[in-house]
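Novice: Any chance you could fold what I've pasted below:
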Amino acid sequence: MTSDHLLNTLKMASASLEREWVVTIDTPLGGVDQVLKALGETLPLTQGPYDNCMYVREAGYQRFRALAGSHAGAEGTIQQTSAAQIIFSLPPDTELLSKAFEVIFSVHVNEEPTIRVTESWGSRSHLLDDKDNPNRYWNRADADVLHGVSVSE
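Specialist: Modelled structure (predicted):
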């Protein structure tokens, strides 16, 4: 295993680990698609030879009470709505992170989007010549299911 002098990359036989920022956005389910679309069209969400790399975690909910100063005003009741998390990673670049925030704030349905940024390490495959590996999705009977469905071009 080797690493660069600033410890931004750790190189191993099958993959490297790269320092990255993981951005997690909470959003009501009705706002997921517009955020995904805007992020995918605006940011280089790449992982190796792939782009538009995001993860959506559903089956949660948001709770909140609008206070004075919010668009809704002081409602006095606690609200709850079905929600999801959109998760993606970026290289640790402040300009790129600022651009991500501008995109999120321009399309998010909430006036106060919940956004968390954490420093992490992400794996990047060395794309080994293992095309005959029986565990790779393209060599499995359920390849179509594992590869997913087209949602856009």
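Novice: so where's the chain uncertain?
Specialist: Scanning the chain for pLDDT under 70 picks out 1-6, 153.
Novice: What are the boundaries of the helices in it?
Specialist: 32-42, 94-107, 143-147 (DSSP state H).
Novice: Need the winner for burial among the ones you listed.
Specialist: Of the helices of the chain, the one with the most neighbours on average (mean count of other Cβ atoms under 10 Å) is helix 32-42, at a mean of 16. (Each C-beta comes from the backbone N, C-alpha and C, glycine too.)
Novice: Okay, angle between it and helix 94-107 too, please.
Specialist: 140 degrees (axes from the mean of the first three to the mean of the last three Cα atoms, to 10 degrees).
Novice: who does helix 32-42 touch, helix- and strand-wise?
Specialist: Packing partners of helix 32-42 (3 or more Cβ pairs under 8 Å, 6 or more residues apart in numbering; DSSP states H and E): strand 79-90, helix 94-107.
Novice: Nearest residue to residue 64 in space, please, no chain neighbours.
Specialist: residue 79 (5.7 Å; Cβ to Cβ, 6 or more residues apart in numbering).
Novice: From residue 112, how far off is the most centrally placed residue in the chain?
Specialist: Centroid-nearest residue in the chain: residue 88, 1.9 Å away (criterion: Cα atoms, centre = their mean). Computed as Cβ to Cβ, to the nearest Å, the residue 88 to residue 112 distance reads 20 Å.
Novice: Kindly report the same for residue 65.
Specialist: 12 Å.
Novice: report the longest strand in the chain, please.
Specialist: For the chain, the longest strand by residue count, based on DSSP state E, is strand 15-28.
Novice: now that one: how far from the chain's centre is it?
Specialist: Strand 15-28 sits 6 Å away from the centroid of its parent chain (Cα atoms, centre = their mean, to the nearest Å).
Novice: That one pairs with which strands?
Specialist: If you go by DSSP bridges, strand 15-28 pairs up with strand 9-11 (antiparallel), strand 79-90 (antiparallel), strand 114-125 (antiparallel).
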